[in-house]
Structure formats: C-alpha cells, structure tokens
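Engineer: 3D, please:
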Amino acid sequence: MKQNIAVIMGGYSSEYNISMISGNVVYNHIDKTKYQPYRVVITKEKWVALNEKDQEFNIDKNDFSAIIDGTKVNFDCVFNVIHGTPGEDGKILGYFDMIDLPYSSAPAYQMALTFNKRDCLSVLRKHGINTAKSLYFNQGDDINIEEIVNELGLPCFVKPNNAGSSYGISKVNKTEDFKAAFEKAFKEDHEILIESFLDGTEVSIGVITYKEKVLALPATEIVSENDFFDYEAKYEGKSQEITPARISDIQLKNLHTEAIKAYKALNMSGFSRSEFIFIGDIPYFLEMNTVPGMTTESLLPQQAKAAGIPLPDLLTNAIEMAIKNK
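Structural biologist: Okay, the predicted model is just below:
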C-alpha cells in the first residue's frame with residue numbers, strides 16, 4: 001500500500017506565493033508509484049487538504065488527518081515546503097513532534113535556530129566559521145547611525161533577522177539611506193541585523209543528508225544584475241546562476257569544508273542551502289536556508305541535478321529518511 005504524504009505549503013509570511021509554487025513542484029515530482037501525495041495548504045485562516053479538483057477539505061488538528069472525498073486520510077509523513085513561518089522557523093514542526101508524525105525537515109529547534117540569523121551566526125562563529133561583522137537591534141531601540149558606520153563602514157546591509165527570500169533587505173550606501181532601510185526591514189520583522197559589506201564572489205551551496213551521508217552538492221555562483229542578490233535577482237531572472245561555480249579547486253575545497261562544518265555544527269538534517277561570499281580563498285558564511293526553494297528556478301534542484309540526483313530521487317530520499325529517523 002502506498003504511503004500518504006502531506007506536502008505542506010503556504011504559510012503565514014511574505015513567502016506564501018513562493019511556497020505555493022515550490023509545494024506544487026514537489027507534489028508533481030514525488031514518485032507516485034511509491035507514495036500518494038496530497039497538497040495541504042497552511043494559512044492563518046485555515047488548514048486544508050486539496051483533492052485533484054482543488055476542492056478543500058479541513059484538516060483535523062487533533063491528528064492532522066482529513067476526510068477527503070468521503071474517506072478519512074491519515075498521513076504517514078509530512079513534506080515541509082513552507083518557506084518562512086511556521087514551516088522554516090520550526091513552529092509547526094513542534095506540533096508534528098507532539099502528534100508523532102514524521103516530517104522531512106530538520107528538528108524544530110534546529111529550524112528555529114537557523115531561521116534566526118543572529119543566533120545562527122553566533123553559534124557558527126563559536127565553531128570558527130568566518131562571517132561578516134554585524135550589529136543587532138530590536139524595533140524601538142535607539143539606533144545610533146554614526147556608531148553603525150564607525151563599526152561596520154559603508155556600504156552595509158540591513159536585514160530582517162527572521163525572514164527569507166531576500167524580503168526586507170537593503171544595501172545602504174550612504175547614511176541618509178538608513179531610515180528607509182530600517183522601515184523596510186521592520187515591516188518584515190521586529191528584529192533587524194546590520195552586516196558589513198563583503199566584496200567578493202557570492203556562491204550558494206546545498207548540503208543534504210542523502211542515503212544516510214552528509215553530502216555537499218555542486219556550488220552555484222551568483223552574478224546579480226542588481227546591486228545584490230535580492231528578490232528580483234532570485235525569482236525574476238535578474239541574475240545569472242552558474243552551476244558549477246567558477247571557483248578554484250582550493251576555493252571549492254574550502255567551501256565544502258565550511259558548508260559541511262556549518263551543517264554539522266547546527267546539528268542539521270534533511271535539506272539546507274547556504275550562502276557564502278569569498279574573500280580571497282576564504283568563504284564567509286551569510287545565512288542558511290533550511291526549506292530551500294523547490295521552484296524550477298531554485299538553486300537546490302539545479303545543484304542536485306548537477307550532482308546526478310534527479311528531483312524524484314531527492315524527494316524520495318527525504319521521505320525515506322524522515323520516516324526511518326522517526
């Protein structure tokens with residue numbers, strides 16, 4: 001009998017639309033000879049499963065089941081494709097832990113840790129991983145721009161502390177740009193991170209647990225047409241994404257070492273995709289995405305393909321590992 005897989009998508013954040021696209025890509029590429037996938041849309045207003053006609057059926061939150069077309073469906077595993085909250089920050093995963101339902105992501109705590117940029121950077125610095133200089137503020141703090149510039153220099157980046165897909169990020173080139181940058185970031189989160197500018201080659205690299213081994217995928221070089229790798233560059237074709245990245249052998253070796261070191265230091269499992277910038281041959285860590293995009297434009301599927309892993313195999317492995325580990 002086929003196992004029932006709930007592909008959860010949507011979420012509560014600005015990344016809702018991207019998550020819906022990613023979720024449908026996952027749903028369409030799951031091996032249907034092994035599994036019976038169902039799309040489950042999670043929003044603040046409703047949790048619903050969809051049938052083939054896109055009709056909605058309410059999820060029973062007592063056991064995460066649904067009566068679909070007159071038949072009660074219990075799920076054997078959840079495939080998490082919710083970018084942002086509550087999927088990527090671990091909130092909904094704590095619920096799945098309580099009802100003992102396997103899921104494809106890392107555990108709830110690891111997801112929460114990596115989603116919080118400040119805390120993630122703090123942990124990785126303790127493990128000797130290079131990062132940009134940074135400052136951190138809460139909404140309502142008295143922010144001294146002169147002190148920021150003295151500490152980090154210009155240009156610098158202002159980011160929401162908890163957000164993805166480059167929402168709310170600004171590159172600040174002059175002091176008068178800070179006000180708009182703060183407003184933009186605080187629209188996404190009540191905490192912000194300000195980081196020094198690193199001038200070098202930007203790369204993205206997936207690290208996954210594949211067939212019970214931690215595997216670094218081929219890296220992607222990011223060449224943005226915009227001032228940095230923002231939302232337009234990621235999702236609207238305003239960048240070149242070159243896989244494998246045009247970096248030297250020593251840079252690639254250092255990148256693989258640091259990416260796997262970060263994955264293990266954070267006690268990750270499942271998928272991850274991390275961004276680095278090279279200063280000389282040394283990769284500097286920017287952030288880790290634990291529910292990376294799965295759209296046709298997304299980097300992790302590109303990298304897996306370059307490694308000889310077709311998307312259905314990538315998804316099957318994630319499901320099998322989730323069920324086995326549970």
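Engineer: contacts, neighbours, all on C-alpha from now
Structural biologist: OK.
Engineer: Show me the domain layout of the chain.
Structural biologist: 3-105, 112-130+199-290, 134-196 (automatic domain parsing).
Engineer: okay if I get the ones you listed as CSV plus mean neighbour count?
Structural biologist: Formatted as CSV, these follow (neighbours: other CA atoms under 10 Å):
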stretch, mean neighbour count
domain 3-105, 19
domain 112-130+199-290, 19
domain 134-196, 17
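Engineer: would you list these in a markdown table and tack on mean pLDDT?
Structural biologist: Below are the domains of the chain laid out as a markdown table (pLDDT from 0 to 100):
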| stretch | mean pLDDT |
| --- | --- |
| domain 3-105 | 97 |
| domain 112-130+199-290 | 90 |
| domain 134-196 | 92 |
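Engineer: mind checking which of these is nearest Leu311?
Structural biologist: domain 3-105 (6.8 Å; CA to CA).
Engineer: now the closest one: how far from the chain's centre is it?
Structural biologist: Using CA atoms, centre = their mean, to the nearest Å, the mean C-alpha position of domain 3-105 is found 17 Å from that of the whole chain.
Engineer: got it, and stretch 210-217?
Structural biologist: 17 Å.
Engineer: What are the contacting residues of that stretch?
Structural biologist: The contact list for stretch 210-217 (CA atoms under 8 Å, 6 or more residues apart in numbering) reads 205-209, 256, 259-260, 270, 303-304, 307, 314, 317-318, 321.
Engineer: got CSV for the domains of the chain, with distance to Ser298 too?
Structural biologist: Shown next, in CSV, are these (distance: least, CA to CA, whole Å):
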stretch, distance to Ser298
domain 3-105, 9
domain 112-130+199-290, 8
domain 134-196, 11
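Engineer: for Gln148, helix, strand, or coil?
Structural biologist: No, residue 148 isn't Gln; it's Ile. Here Ile148 is helix, with the state taken from DSSP: H, G, I helix; E, B strand; the rest coil.
Engineer: Could you report the separation of it from Thr131?
Structural biologist: As defined by CA to CA, to the nearest Å, Ile148 lies at a distance of 17 Å from Thr131.
Engineer: got it, and Leu311?
Structural biologist: Distance, Leu311 to Thr131, by CA to CA: 31 Å.
Engineer: Quote the end-to-end distance of stretch 284-296.
Structural biologist: End-to-end distance of stretch 284-296 (CA to CA): 27 Å.
Engineer: and if you look at stretch 143-161?
Structural biologist: End-to-end distance of stretch 143-161 (CA to CA): 16 Å.
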